[in-house]
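Student: predicted coordinates and the sequence they were generated for:
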Amino acid sequence: RKEVEQDPGPFNVPEGATVAFNCTYSNSASQSFFWYRQDCRKEPKLLMSVYSSGNEDGRFTAQLNRASQYISLLIRDSKLSDSATYLCVVNPLGGGSNYKLTFGKGTLLTVNP
Amino acid sequence: DVKVTQSSRYLVKRTGEKVFLECVQDMDHENMFWYRQDPGLGLRLIYFSYDVKMKEKGDIPEGYSVSREKKERFSLILESASTNQTSMYLCATGTGGRKEQYFGPGTRLTVT
């Protein structure tokens, strides 16, 4: 099983749609989880941390299921500006330094007018 | 806001040249990281540093070295550039506590 696995997409959705991204991770000892977004030819930027109880930031909702080792990101009322690659990121404690992050390969989202 | 700067946005070097990529952060973060990003392979960690003069190998350290003489500055060195080191190089910083990392704008290096 890959350390962090995401559906690569691409996802093409109309403006206003709701879209969900899923991610699984292999290290059950992982403690910290994040979603990053990366625009074309730009650096990744932190979108939100993912907490055990789930968390919401405006149109974005992140969920964590530790039992299934599964993370999700839900985007409601998609905007054209949401078009980007979304990276699932995990801090895989154990087997090395706890400062490291493991990045999924990303899911490409295109929101169409 | 965290500010992470990288010395060049675009760089073209010849095979065999020694290449220096520099990263500077202004947030007093303990940890600094160098990644490369290639299509289909995602972000891969080359080296990281959790303190001045301290460094640890990441997943793909071969062909690279690093230097951290000051807390705010982390350099990536390609001792003898090769064409398979053509890539986007991204520097990141972070604190030990919250684990999230903040990236610089990246350097797109082409080795011919």
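Tutor: Noted; the coordinates are in hand.
Student: got a list of what the residue nearest to residue B:8 when sequence neighbours are not counted touches?
Tutor: Nearest residue to residue B:8, sequence neighbours excluded (Cβ to Cβ, 6 or more residues apart in numbering or on different chains): residue B:107, at 5.2 Å. C-beta here means a position set from N, CA and C on the backbone, and glycine is covered the same way. Neighbour list for residue B:107: B:6, B:7, B:8, B:9, B:10, B:11, B:21, B:88, B:89, B:90 [criterion: Cβ atoms under 8 Å, 6 or more residues apart in numbering or on different chains].
Student: narrow the residues you listed to those that are buried.
Tutor: Using 16 or more other Cβ atoms under 10 Å in any protein chain shown as the burial test, the contacts of residue B:107 include B:6, B:8, B:11, B:21, B:88, B:89, B:90 as buried.
Student: quick check: residue B:3 touching residue B:27?
Tutor: Yes: between residue B:3 and residue B:27 there is a contact under Cβ atoms under 8 Å: 7.0 Å.
Student: where does chain A come near chain B, residue by residue?
Tutor: Within chain A, the positions adjacent to chain B are A:31-32, A:34, A:42-46, A:49, A:87, A:91, A:97-101, A:103-106 by Cβ under 8 Å from any Cβ of the partner chain.
Student: count residues in the vicinity of residue A:20, would you?
Tutor: By other Cβ atoms under 10 Å in any protein chain shown, the residues close to residue A:20 number 13.
Student: so which bits of chain B are right by chain A?
Tutor: Along chain B, the residues adjacent to chain A under the rule Cβ under 8 Å from any Cβ are B:31, B:40-43, B:45, B:48, B:50, B:56, B:58, B:90, B:94, B:96, B:98-106.
Student: residue farthest from the centroid of chain B?
Tutor: Most distant from the centre of chain B: residue B:97, at 21.1 Å, with distances by Cα atoms, centre = their mean.
Student: quick one: that one is in a strand?
Tutor: No: going by DSSP: H, G, I helix; E, B strand; the rest coil, the assignment for residue B:97 is coil, not a strand.
Student: leaving out the residues flanking it, which one is nearest to residue B:17?
Tutor: Excluding its sequence neighbours, the residue lying closest to residue B:17 (Cβ to Cβ, 6+ apart) is residue B:81, at 5.0 Å.
Student: got a pLDDT number for that neighbour?
Tutor: Residue B:81 is assigned a predicted lDDT (pLDDT) of 97.
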